[in-house]
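1. Turn this into a structure:
(2 chains)
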Amino acid sequence: EAGVTQFPSHSVIEKGQTVTLRCDPISGHDNLYWYRRVMGKEIKFLLHFVKESKQDESGMPNNRFLAERTGGTYSTLKVQPAELEDSGVYFCASSLIRNEQFFGPGTRLTVL
Amino acid sequence: GEDVEQSLFLSVREGDSSVINCTYTDSSSTYLYWYKQEPGAGLQLLTYIFSNMDMKQDQRLTVLLNKKDKHLSLRIADTQTGDSAIYFCAETGNTGFQKLVFGTGTRLLVSP
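-> Next up, the predicted model:
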């Protein structure tokens, strides 16, 4: 069974540009989560989807971040416009039962 | 609020036991987790413990939970060079299972 996949693995953009990250969860997992790790600090929760609905978006830092999960399958996280402090590793996780979250390899975002 | 703390670095010799410690602040946490991140890889769920348990053993891994002191530890017996990685402690916090609250991670270096 394929695990959680994320694309791209690495993105380098300039401040003010737009970037879209994609996450494909494990097939059949209704729960999908986004997290990020900034500057070697702790991994912080961004938001949680149940199917296509946002269950909890309390961790989204500001309105420059937009997450979608149309059709309840893959999810995208768009950052527009990107700022320097958005640099970090963005992780996606999915779960079938909520106490076991399986993580993808992450997307390393570098904003110059 | 929710806070999880870990020491940043641990160095052991191959064959020794490793003990990675974690303290947390939220006494309402239902599950506590250990994740492993190898270089260039995502987060791998190693093990988790339900809050009404004191200990859980899984092959070379032993998790100890002291709820009174809000202290969680991960013991790796017979540590191997392949165990070198970053180990993250996480809790479910007070929002149920919806989001994980992570520590900063402990980098374990195993020398031959």
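2. switch to C-alpha atoms for all contacts and neighbour counts from now on
-> Noted.
3. Name all residues that make contact with the nearest residue to residue B:62 once chain neighbours are set aside.
-> Excluding the flanking residues, the one nearest residue B:62 by C-alpha to C-alpha, 6 or more residues apart in numbering or on different chains is residue B:75, at 5.0 Å. With contacts defined as C-alpha atoms under 8 Å, 6 or more residues apart in numbering or on different chains, residue B:75 is in contact with B:17, B:18, B:19, B:20, B:60, B:61, B:62, B:63.
4. Residue A:56 now?
-> By C-alpha under 8 Å, 6+ apart, the contact list for residue A:56 reads A:47, A:48, A:49, B:98.
5. What subset of those is buried?
-> Buried members of these, counted by 16 or more other C-alpha atoms under 10 Å in any protein chain shown: A:47, A:48, A:49, B:98.
6. Excluding sequence neighbours, find me the nearest residue to residue A:57.
-> residue A:47 (4.2 Å).
7. Am I right that that neighbour is in contact with residue A:33?
-> Yes. Between residue A:47 and residue A:33 there is a contact at 5.7 Å, judged by C-alpha atoms under 8 Å.
8. Okay, now the unreliable bits of the chain?
-> If you meant another chain, say so; for now it's chain A. Across chain A, the ranges flagged by pLDDT under 70 are A:1, A:98.
9. nope, chain B please
-> If you take pLDDT under 70 as the line, chain B has these spans: B:1-2, B:93-97.
10. which residue does chain A bring closest to chain B?
-> residue A:105 (3.5 Å; C-alpha to the nearest C-alpha).
11. Looks to me like that residue is in a helix.
-> No. Counting by DSSP: H, G, I helix; E, B strand; the rest coil, residue A:105 falls outside a helix, being coil.
12. Skipping adjacent residues, who's closest to the residue in chain B that chain A sits nearest to in space?
-> For chain B, the residue closest to chain A is residue B:42, as judged by C-alpha to the nearest C-alpha, at 3.5 Å. In space, and not counting its chain neighbours, residue B:42 is closest to residue A:105: 3.5 Å by C-alpha to C-alpha, 6+ apart.
13. residues touching that neighbour, list them.
-> By C-alpha under 8 Å, 6+ apart, residue A:105 lies in contact with A:4, A:5, A:6, A:9, A:91, B:40, B:41, B:42, B:43.
14. By neighbours, which of the residues you listed wins?
-> residue A:91 (27 neighbours; other C-alpha atoms under 10 Å in any protein chain shown).
15. Surely that one and residue A:101 touch.
-> No. Contact criterion C-alpha under 8 Å: residue A:91 and residue A:101 do not qualify, at 11.4 Å.
16. Which of the contacts of residue A:56 fall in helices?
-> In helices, judged by DSSP state H, none of these are found.
17. Return the member of those residues nearest to residue B:70.
-> Nearest to residue B:70, judged by C-alpha to C-alpha, of the contacts of residue A:56 is residue B:98 at 20.6 Å.
18. ok, now how distant is that closest one from residue A:31?
-> 9 Å (C-alpha to C-alpha, to the nearest Å).
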